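Peer 1: All I have is the shape, not the residue letters:
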């Protein structure tokens, strides 16, 4: 019989005029945006959040590459389940706001990974889910075959710890991204030519207008799309990395940074 562990509750506590190298992962990194809305009377309280993810390929997920940031600040987090994709993270002082869950690439905040048994580990609770009990607060959850299935927008949490006053949480979208890694820090525009050789996801670029850039905290970066030929699979862009050694090129969806295109 397959058993489940629910992580919950506490923590123990490219180049134009410059000579440098840019490494581009071939594509496949993604991030999810999560909005948390809570009533004002809960602001400032400690919360542990269990959130399902919108993942195109669960092979992108690993315990070590998933991280959560809010306003550029990492949260202690842990990939509880790859299938279904579920992440658990801690908010020491809850507020209504936006969180981003990144995965598929390098984790710049590995010290915030709440791996069980580590210094940042979560307490765990066990249930074989043979039937529904009063131990859990559940929304959009079905229990069958000794598993608890959490549907998008749902959650499962300990009845003794999870606040019934939480209004709702929901998933806005998932996005694919290309990771660009710089070997030196620079605050100037640099150029990059992408083809199907160094960017295997280039077919997912819609028309070039969908391309934009973010840093690891989700902030928009200034950029320009110089040329895009969908037939020949060539994309030429410039971007100001703003002193970031790792940035992300988003594509294939709605451009959330049109004002940063120059």
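Peer 2: Perfect, thanks for sending it. Bear in mind that the values here come from a model prediction, so they are computed numbers and not experimental data.

Peer 1: Residue 53 - how many residues pack around it?
Peer 2: For residue 53, the neighbour count with other C-beta atoms under 10 Å is 24. Using the backbone N, CA and C atoms, a C-beta is placed for each residue, glycine as well.

Peer 1: Could you do the one 10 residues further on as well?
Peer 2: Using other C-beta under 10 Å, residue 63 is surrounded by 14 other residues.

Peer 1: what's the answer for residue 94, then?
Peer 2: 19.

Peer 1: distance of residue 62 from residue 110?
Peer 2: Residue 62 sits 12 Å away from residue 110, going by C-beta to C-beta, to the nearest Å.

Peer 1: before we move on, what about residue 141?
Peer 2: 30 Å.

Peer 1: go on, residue 239?
Peer 2: As for residue 239, its distance to residue 110 is 25 Å (criterion: C-beta to C-beta).

Peer 1: And those two? Which one has more around it.
Peer 2: residue 239 (25 against 12).

Peer 1: Okay, now the sheet partners of the helix or strand where the more buried one lies, with direction.
Peer 2: Residue 239 is part of strand 234-240, with elements assigned from DSSP states H and E. Pairing partners of strand 234-240, with direction, according to DSSP bridges: strand 189-195 (antiparallel), strand 223-229 (antiparallel).

Peer 1: which element follows the first one toward the C-terminus?
Peer 2: In this case it means strand 189-195. By DSSP H and E, the next helix or strand past strand 189-195 is strand 212-215.

Peer 1: that older thread, next, the buried residues of the strand holding residue 239.
Peer 2: For strand 234-240, burial by neighbour count (16 or more other C-beta atoms under 10 Å) applies to 235-240.

Peer 1: Can you pull out the residues in contact with that strand?
Peer 2: The contact list for strand 234-240, computed with C-beta atoms under 8 Å, 6 or more residues apart in numbering, reads 14, 16, 180, 187-195, 199, 202, 205, 208, 211, 213, 221-229, 247, 249.

Peer 1: residue contacts, residue 228?
Peer 2: 205, 207-208, 211, 234-236.

Peer 1: ok, now how distant is it from residue 194?
Peer 2: Taken as C-beta to C-beta, the span from residue 228 to residue 194 is 9 Å.

Peer 1: Also residue 92?
Peer 2: 40 Å.

Peer 1: Residue 223 and residue 261 touch, don't they?
Peer 2: Yes. The criterion here is C-beta atoms under 8 Å, and residue 223 meets it with residue 261 at 6.2 Å.

Peer 1: Find residues that contact each of those two.
Peer 2: With C-beta under 8 Å, 6+ apart as the test, residue 223 and residue 261 both reach residue 212.

Peer 1: Looking at these two, which is more packed in?
Peer 2: residue 223 (21 against 15).

Peer 1: Residue 79 falls within a helix, correct?
Peer 2: No. Checked against DSSP: H, G, I helix; E, B strand; the rest coil, residue 79 lies outside a helix; its state is strand.

Peer 1: Next, count neighbours for it.
Peer 2: So residue 79, with other C-beta under 10 Å, has 23 neighbours.

Peer 1: isn't it right up against residue 66?
Peer 2: Yes. The pair residue 79 and residue 66 qualifies as a contact (C-beta under 8 Å) at a distance of 4.4 Å.

Peer 1: anything in contact with each of those two?
Peer 2: With C-beta under 8 Å, 6+ apart, residue 79 and residue 66 have common neighbours 87, 103.
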